[in-house]
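**Q** Okay, here's the prediction I keep looking at, along with the sequence it came from:
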Amino acid sequence: MRSTLTAALLAAFAMPAAHAQDTTIIIRPGWRGIGRSLSVRQLPRDVADDVVLFYNSERTVRFSGQTFIPAARGVDGDVAVLGGPVTLGGRISGSLLVVNGDLIFEPGSVVSGDVTVVGGSIEGARDADIAGEIRSYRDPLRYRRVGDDIVYAPRREFRPSWLKRHDDSFEGNQTGFALALGGIYNRVEGLPVIFGPTADLRLASDVRLQADVRGIFRTAGDLSLESGDFGYRARGELVLGGRRSNVGLGVRGYDVISSTETWPLKDFELGWSTFLLHRDYRDYFRRTGGSAFAALRLGQSFSLTAEARSEQQDSVVARDPFTLFRGDDTWRANPGINDGHYRFLSGSFRLDTRNDRSQPTAGLLLAGDYEWGRGTDVKACTVWPCLAVIPATADAKISYQRVFFDLRSYTRLSPAGRLNLRVAGGGWVAGDPLPIQRRVALGYPDPLPGYGFRQFGCGGEQLPGSPGLCDRVLVGQVEFRTHLGFEIGPDWASSEWSDDDTERYEPFHVSGPDLVVFADAGRAWLVGEGAGRIPSDRLPELRSFRSDVGAGLDFGPIGVYVAKPLARGAEDVTFSVRMGRRF
């Protein structure tokens, strides 16, 4: 068995050192930052608002406590029930909402609209006739009564007084100062520490100015204040509209370290892998410049962004940050990029109808981005593979276009069973060859855990650092999960461990386990004519895709999995530990 991720610290001591990256664990050390409070486990705010609005509607028929609608009875219109349990044997000619109670369907029951349960479970849905969607949330709605209506009443956050942000009372203005651990622990920066002021100022009834300035101290570099390794990021945005639906116009300035590829593991997983086990599964480069952007946001479900950027991109080298285990190992080299000055025009969109960002059971996520890039004074590095893109004879100009997409679908098949699907990929679409920093690869640890690290890199897997050199990539993933049932952990045990709200991680609350059975398939390739390349107007043959199958137990904060590659002659079985859902 080839171990790809340790399940415990004892396993980390037992593993021998390896020349290639064959193990990982996935952590992001530390709390997200001084000044951020521990949050109470409760419904997402947009879900709570929708539930309260539905319950308080004049068109909703309301019940309270234990409720039974027998087979011979029916209710016309929308129905909401506080408490429970609720047993439905008859018909509801609208949507059904159950708040803080369980819902049981009897065979032959009918709901002509949607079914939503918060703070409870659903049984017997496969025996019922439900015309709309089924949504279920494990966390209860915290509310209080005002007459016949209810209002959202979330628990207060645990926030010691010395951590409280200074809130101005004048017209809802807020200002503060952040000192936080603000990034991914990696072999180039170590642990980035951020510091600086933030402001959210109301200029008019529907106009706000949001701004922040962050200094970045890279702990893997020189620790002196005079010559230490510092970066920064600053942002100012004029927000026209409400908190959830608005138009934003803004500018950014930055000197940051960025990943060449962002999908091998989530950010917090990658950080813990680096900090604990000396395994960093991404490559990095430095970006210095600025941008102007415009964003359209329609609630939390849809956003559209356009941006123009001008920046200098430079290669960086791997340093020697502290790791808890394997500190005597040599870090994998950080491959060089095609340095130069680049200008970009980009657009991105995101459609997210999932019923929960971190543990969805229903809904759809569709994200995509387009990038037109033009580089000037683009330099070849001194060794291949950079020379394969930029000639060594002179500095060059390049112009290219690149797209990427990610489509995920979540379907509840039964009260405990879910089917999740994902198709993702993209790459070069037009123009000159992509610079090294925009190329891709496939393999362990994600999204093909059954194979080796960047095993499919179009030749890069044979070079120091194993850079990804492919022009395009396409991946499909499917998993079936069923809940085996139990929950352990206090209600306050929830924390945000990522800059992306979709990567919420709850390290102290164990829910499950879920039994997960999965399969993955993918292919990465070069575009063009000739041996080993595929013309730009074609996709690879299905038989050329590499695939794996596996199974695991997901306990909520931690999941353990085994995967078996299906390639002919491949006998290795990989063992991995993931934090949160696979996707």
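**A** Happy to help now that I have it. Numbers count the residues shown, from 1 in each chain.

**Q** which residues does R319 contact?
**A** Neighbouring residues of R319 by C-beta atoms under 8 Å, 6 or more residues apart in numbering: R187, V188, G190, A220, G221, W331. Heads up, the C-betas are built off the backbone N, CA and C, glycines and all.

**Q** what's the answer for I69, then?
**A** V75, T87, L88, G89, G90, I92.

**Q** R126 now?
**A** Contacts of R126 by C-beta under 8 Å, 6+ apart are L413, S414.

**Q** Got phi/psi on it?
**A** Per-residue torsions, R126: phi -70, psi -20 (degrees, to the nearest 10).

**Q** Check the secondary structure at E269 for me.
**A** Three-state call for E269 (DSSP: H, G, I helix; E, B strand; the rest coil): helix.

**Q** Just the buried residues of stretch 282-289, please?
**A** Buried residues in stretch 282-289, defined by neighbour count with 16 or more other C-beta atoms under 10 Å: R282, D283, Y284, F285, R286, R287, G289.

**Q** related to what we said a few turns ago, which one in the contacts of R319 is the model shakiest on?
**A** Ranked by pLDDT, the contacts of R319 bottom out at G221, which has 72.

**Q** neighbours around that residue, how many?
**A** With neighbours defined by other C-beta atoms under 10 Å, the count for G221 comes to 16.

**Q** From S536, how far off is G147?
**A** Distance check for G147 against S536: by C-beta to C-beta, to the nearest Å, it reads 65 Å.

**Q** and what of I194?
**A** 41 Å.

**Q** Those two: who's more crowded?
**A** I194 (19 against 13).

**Q** Pull the contacting residues for the more buried one.
**A** Contacts for I194 (C-beta under 8 Å, 6+ apart) come out as G33, A178, L179, A180, L181, G182, G183, R214, G215, I216, F217.

**Q** now the stretch 401-550 of the chain, which segments are flagged as low pLDDT?
**A** Low-confidence segments of the stretch 401-550 of the chain (pLDDT under 70): 415, 485-512.

**Q** which among the contacts of I194 end up buried?
**A** G33, A178, A180, L181, G182, G183, R214, G215, I216, F217.

**Q** nearest to A306, of these?
**A** Taking C-beta to C-beta as the measure, A306 sits nearest to R214 out of the buried ones among the contacts of I194, at 23.6 Å.

**Q** Which other helices and strands does the helix or strand encompassing the closest one contact?
**A** For R214, the element it lies in under DSSP states H and E is strand 207-218. Contact partners of strand 207-218 among helices and strands, from 3 or more C-beta pairs under 8 Å, 6 or more residues apart in numbering; DSSP states H and E: strand 192-204, strand 230-241, strand 246-259.

**Q** if you set the cut-off to 6 Å instead, what comes out?
**A** Applying 3 or more C-beta pairs under 6 Å, 6 or more residues apart in numbering; DSSP states H and E, we find strand 207-218 packed against strand 192-204, strand 230-241.

**Q** one step back: could you provide the contacts of I69 in CSV, with additional columns for neighbour count, secondary structure and pLDDT?
**A** Formatted as CSV, the contacts of I69 follow (neighbours: other C-beta atoms under 10 Å; DSSP: H, G, I helix; E, B strand; the rest coil; pLDDT from 0 to 100):
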residue, neighbour count, secondary structure, pLDDT
V75, 16, strand, 91
T87, 19, strand, 93
L88, 28, strand, 94
G89, 18, coil, 93
G90, 17, coil, 93
I92, 22, strand, 94
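
**Q** ok, which pair from those residues is furthest apart?
**A** For these, the maximum inter-member distance is 13.4 Å, found between V75 and T87 (C-beta to C-beta).

**Q** which one among the buried residues of stretch 282-289 gets closest to E307?
**A** Distance to E307, by C-beta to C-beta, is smallest for G289 among those, at 11.7 Å.

**Q** Check the secondary structure at P433 for me.
**A** coil.

**Q** ok so, going back, which of the buried ones among the contacts of I194 lies closest to A531?
**A** Of all the buried ones among the contacts of I194, A531 sits closest to G183, with 41.5 Å by C-beta to C-beta.

**Q** Leaving out chain neighbours, which residue sits closest to the closest one?
**A** Counting by C-beta to C-beta, 6 or more residues apart in numbering, G183 lies nearest to P192, which is 3.5 Å off, once chain neighbours are set aside.

**Q** I'd like to know how many residues surround P107.
**A** When neighbours are counted by other C-beta under 10 Å, P107 comes out with 11.

**Q** In three-state terms, how would it be classified?
**A** Here P107 is recorded as coil under three-state DSSP.

**Q** follow-up on the earlier one: weakest of the helices and strands packed on strand 207-218 in terms of mean pLDDT?
**A** When the helices and strands packed on strand 207-218 are compared by mean pLDDT, strand 192-204 comes last with a mean of 91.

**Q** buried ones in that strand?
**A** Buried, per 16+ other C-beta under 10 Å, within strand 192-204: P192, V193, I194, F195, G196, T198, A199, D200, L201, R202.
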